[in-house]
Structures are given as C-alpha cells and as structure tokens.
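Trainee: have a look at this prediction, sequence included:
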Amino acid sequence: MNGLAAGSMVLALVPLALAWRANRTTTLRQPLLWVLLAWFAWLVAVGGRALWAGADQTLTTYLALCLTGCSGIAVLGARRPGVSAWNFVVVGLLAVLMLPILQGLGEVRLEPAQAGFLAATIAISLLNYLPTRLALGAVFVGLACGTELARPWGGNAPAWLGTLMLALAPWLAWLGLTIRRMPRSSFDCLWLSYRDRFGFVWGQRMREQFNRAAHHAGWPVELHWSGLRPSTDSAEMLATLRAILKRFGPEEVAD
C-alpha cells in the first residue's frame, strides 16, 4: 500500500501544475512555491516509506508538516506591495517550527506545546479555505496532517491512509474549482474566482472594501460572500472590483 500511496502522490502533481499555470502571474505565485516545496518534502517522506519499509521517516514527515503550514500562512501576505517581504515572516515561522529538530540535534523532539503550535499553524491555513470551493481539498489535507501529528502520541492509523488522503486533496480542490454552477454575471465570475483562490481572510477584506465603494457611489447593491446582490453586469461595478483586486494579480482572473 505504501507504493500505491507514493504513486498517488506523484499523480497529484498534475493538479498542482495546473494551479501553478493558472496563478503564476498573480501574487499566489510565491505561496505556490511553498506548496511545491512542501509537496517535495512529502514525496521524500512517502517515497522513503515505500522503498525502505520500516525506516524512520519522522524527520522528513515533520519537515513536510512544517512546510505545509508555512504554505498556507504565505497566502495571508499575498498582496502587492509586500508579497516578497512576507516571505521573511514565513521563513521566521519555519525557523520556529524547526526548533524541535535543533533541540534534538537532528532528531524530532516534539513537546506537546510545540505540536499544538504546529497544529494551529496548519489549522489557520486550512480554515482560510473552508468557505470556498477548495473546502473539500482543505479538509483532506487537514485529515492527513492530523493523522501524521497524532502518530507520536499513539495514533495507530496506517501511514498509507494519511498519504492517500493527502494525494486526493489537490484533485478534490481542482474539481471544486472546475465544476460549474448556474450561469453567473461577469462580476460574480471574477469575484468567485478571486474568493476561492485567496480564501476567507483576503476575500472578506476585499468584500468590505467593495461594499464601502458601492455605498459611497450610491449603488443599490451589496457584495455577499456568494456574489453581488442584486446580480448585475454593470461595467462600472466590474471595473471597480477589478481595480480593488489589481494588487493581487491580473486585472481579470478566469473562472
């Protein structure tokens, strides 16, 4: 089963490559680099389990967990200007998360408080995407990380189970974005595409910013989490939303 799990992790590079292609011109470019770095660490850990049965992969697994949390935190600073400088914050977070390795002189000596901090870091990263169409993918990442975090304290779930859930996560996220719902206005297509890619934290802030602009302009509309109400194809409103989102990438993001 470990070999199957390792193969599924390799196949999951396909939706990750599609995500890179779709977001390489946006401020998500750098968070996606963190994601790919985390995925490489997971591949090393899972590949080690498949090739050397019984070998201790605690170090590589812990590194993969740390990088997974960092990739989610990187999204919280993905706005121009400052997206590059935010990487220093993420690197600092990684240094703190790596303290159990330094304290163990190359071995992971994870105290309960340190495990709690790592779990909170991953949870914050995943909660950001629960109100979006990436929710199911985020849930599977959370379950996989929880399985690995519980292992030092007696968790007895087989290693391949967490790996398979992790490998399914990119595919589920991709399906969530590609499955189309009822026809929507150009405004809602742009908003939902942004909301799903950047998550709740940035989505809520930009939603409030648009609603303030609409109030000052006297427009009888309100941007809800699911779209503009009442729905409209107003070119002026669409231009305002594009201007608000310009700091995050191209003026228009395809849904």
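Mentor: Received it, and whenever you're ready, just let me know what you need.

Trainee: okay, CA-based contacts and neighbour counts for the rest of this
Mentor: OK.

Trainee: residue nearest the centroid of the protein?
Mentor: G72 (4.8 Å; Cα atoms, centre = their mean).

Trainee: just give the nearest non-adjacent residue to that one, would you?
Mentor: Using Cα to Cα, 6 or more residues apart in numbering and skipping the chain neighbours, the partner closest in space to G72 is S125 (4.3 Å).

Trainee: next: L126.
Mentor: In space, and not counting its chain neighbours, L126 is closest to A138: 5.4 Å by Cα to Cα, 6+ apart.

Trainee: just give me the neighbour total for the nearest residue to W39 once chain neighbours are set aside.
Mentor: Distances taken as Cα to Cα, 6+ apart place A64 nearest to W39, at 7.2 Å, with adjacent residues excluded. The number of residues packed near A64 is 23, by other Cα atoms under 10 Å.

Trainee: any low-confidence regions in the stretch 1-150 of the chain?
Mentor: For the stretch 1-150 of the chain, residues meeting the criterion pLDDT under 70 lie at 1-3, 50-56, 105.

Trainee: switch to 80 and redo it
Mentor: 1-6, 48-57, 104-108 (pLDDT under 80).

Trainee: where do the helices sit along it?
Mentor: Assigned by DSSP state H, counting those that start in this stretch, the stretch 1-150 of the chain shows helices spanning 2-11, 13-23, 29-51, 58-75, 86-97, 99-103, 112-127, 135-150.

Trainee: alpha carbons of the last one, in CSV - could you do that?
Mentor: Once non-C-alpha atoms are left out, helix 135-150 reads as follows in CSV (Å, rounded to 0.1, in the frame of the first residue of the first chain):
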residue,chain,number,x,y,z
ALA,A,135,-13.1,23.3,1.1
LEU,A,136,-13.1,19.5,0.4
GLY,A,137,-9.4,19.6,-0.6
ALA,A,138,-8.6,21.6,2.6
VAL,A,139,-10.5,19.0,4.8
PHE,A,140,-8.5,16.1,3.3
VAL,A,141,-5.2,18.0,3.9
GLY,A,142,-6.3,18.6,7.5
LEU,A,143,-7.2,14.9,8.0
ALA,A,144,-3.9,13.8,6.5
CYS,A,145,-1.8,16.2,8.7
GLY,A,146,-3.8,15.2,11.7
THR,A,147,-3.1,11.6,11.1
GLU,A,148,0.7,12.3,11.0
LEU,A,149,0.6,14.6,14.0
ALA,A,150,-1.1,12.0,16.1
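
Trainee: how far is that helix from where the chain is centred?
Mentor: Centre-to-centre, helix 135-150 and its host chain are 12 Å apart (Cα atoms, centre = their mean, to the nearest Å).

Trainee: packing partners for it?
Mentor: Helix 135-150 sits against helix 112-127, helix 159-178, with contacts defined as 3 or more Cα pairs under 8 Å, 6 or more residues apart in numbering; DSSP states H and E.
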